[in-house]
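Colleague: A structural model of the following input is requested.
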Amino acid sequence: MPDDHYTHGHEAPVLRSHAWRTAANSAAYLLPHLAPGLSVLDVGSGPGTITRDLARLVAPGRVVGVDRDPGVVALAGAAAAVSGDDAVASTGDDAAPSVAFQVADAYELPFDDGEFDIVHAHQVLQHLSDPVAALGEMARVTRPGGLVAARDSDYGALTWYPPSRGLDLWRTIYTAVARANDAEPDAGRHLLAWAHAAGFFDVTPSSSTWCFATPADRAWWGELWAQRTTTTAYGRQAVALGLTDEAGLATIADAWANWAADEDGWITIVAGEILVRVPEAPFRGGQHPDQKWWARRDEALTGVGAGGPGLPKGPRPGSSDTIAGAPGPVTGE
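Modeller: Below you'll find the predicted structure:
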């Protein structure tokens, strides 16, 4: 089982951004498929805000959130207890939402085959060195005819205004850190290929966006990323890898602050989405024998994490880049 390293870490600014997420703003593509009484597994549930929303939407169905980090699982469980979402027995309300959280790894889920109607993962596959294996494991615990749902952002498709050298530097460094962790920051565009590589072909692809452009949204998002750059695992990894130094991190933080203060500031974050209908007899064991999906691709463009066992992985462009401190102005000219 791969021992993956989470690029972001779980410091307060990261968890604050994760706790902003809801089923409405982060899983809208899945909502039409939810109904009372369904069972749902939320893989990589983090602080559990999406998980608790899903529990309310399928109540009285069973909902379980799993995450690899014990600390964040404890936080999610405490938040559910405060909200009363885990208190069906004590309330006696058969229609009340029921949700539980536990520690588990996406590659080895502690559940029986076909145990859930829907298995969901939000912003998880981009952090895994073998997303194909994870999709296969998610499908294993989904009943035949059920759904595996995944949504991941695509950093290469992210766009902002006005132009900013500092934010250009941020994306270059973030991409290099993620790929040094054998992760794929442009995961959104890979989701369909990963599903095919896992042997699944009844797949509905889609995309959606987050947009931060109002003064309040810019202030919140800009402050988050300024703090995430200078105070979290991502920034420390960037320095340890020789991609930048403390001055470079400060430059990026200033760029986020400058962007947030600009009344014309705009950022659009693009995410890919897939809904996989699990077949009656799911294919097991890596790539589908009849689907040489990688043969159509230049290996250099395949991207880190673009395949499971037996699938070629291309080089990691940018992973050896060395980027020193302040590169000049941090906003566009």
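Colleague: mind listing the strands for the stretch 101-250 of the chain?
Modeller: 116-122, 142-153, 159-161, 203-212 (DSSP state E, counting those that start in this stretch).
Colleague: mind listing what's buried along the third one?
Modeller: Along strand 159-161, these residues count as buried under the neighbour rule (16 or more other C-beta atoms under 10 Å): W160. (C-beta placed from N, C-alpha, C; glycine too.)
Colleague: same for that strand, what does it pack against?
Modeller: Here strand 159-161 is seen to pack against strand 266-277 when contacts are counted using 3 or more C-beta pairs under 8 Å, 6 or more residues apart in numbering; DSSP states H and E.
Colleague: ok, the strand it packs on: who's next to it in the sheet?
Modeller: Here strand 266-277 has these sheet partners by DSSP bridges: strand 142-153 (antiparallel), strand 159-161 (antiparallel), strand 203-212 (antiparallel).
Colleague: export those strands to CSV and tack on distance to L41?
Modeller: Output for these, formatted as CSV (distance: least, C-beta to C-beta, whole Å):
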stretch, distance to L41
strand 142-153, 8
strand 159-161, 33
strand 203-212, 19
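Colleague: how about those strands in a markdown table, adding mean pLDDT?
Modeller: Shown next, in a markdown table, are the strands paired with strand 266-277 (pLDDT from 0 to 100):
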| stretch | mean pLDDT |
| --- | --- |
| strand 142-153 | 98 |
| strand 159-161 | 98 |
| strand 203-212 | 98 |
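Colleague: which one, of these, ends up nearest to A74?
Modeller: Closest to A74 of the strands paired with strand 266-277 is strand 142-153 (C-beta to C-beta; 24.9 Å).
Colleague: what comes into contact with the closest one?
Modeller: 26-27, 29-30, 33, 114-126, 135, 138-139, 187-188, 191, 200, 208, 269-282 (C-beta atoms under 8 Å, 6 or more residues apart in numbering).
Colleague: ranking the strands paired with strand 266-277 by burial, who's on top?
Modeller: strand 142-153 (a mean of 22; mean count of other C-beta atoms under 10 Å).
Colleague: from the middle of its chain, how far away would that strand be?
Modeller: Here strand 142-153 shows a centroid-to-chain-centroid distance of 14 Å under the convention C-alpha atoms, centre = their mean, to the nearest Å.
Colleague: again with stretch 44-62
Modeller: Stretch 44-62 sits 16 Å away from the centroid of its parent chain (C-alpha atoms, centre = their mean).
Colleague: ok, stretch 208-215 next?
Modeller: 18 Å.
Colleague: next: stretch 230-241.
Modeller: 19 Å.
Colleague: what comes up buried for it?
Modeller: T230, T231, T232, A233, Y234, G235, Q237, A238, L241.
Colleague: what does that stretch contact?
Modeller: 6-9, 11, 13-14, 173-174, 176-177, 180-181, 228-229, 244-246, 248-250, 253.
Colleague: and the gap between L109 and A121?
Modeller: Distance, L109 to A121, using C-beta to C-beta, to the nearest Å: 11 Å.
Colleague: that'll do, ta.
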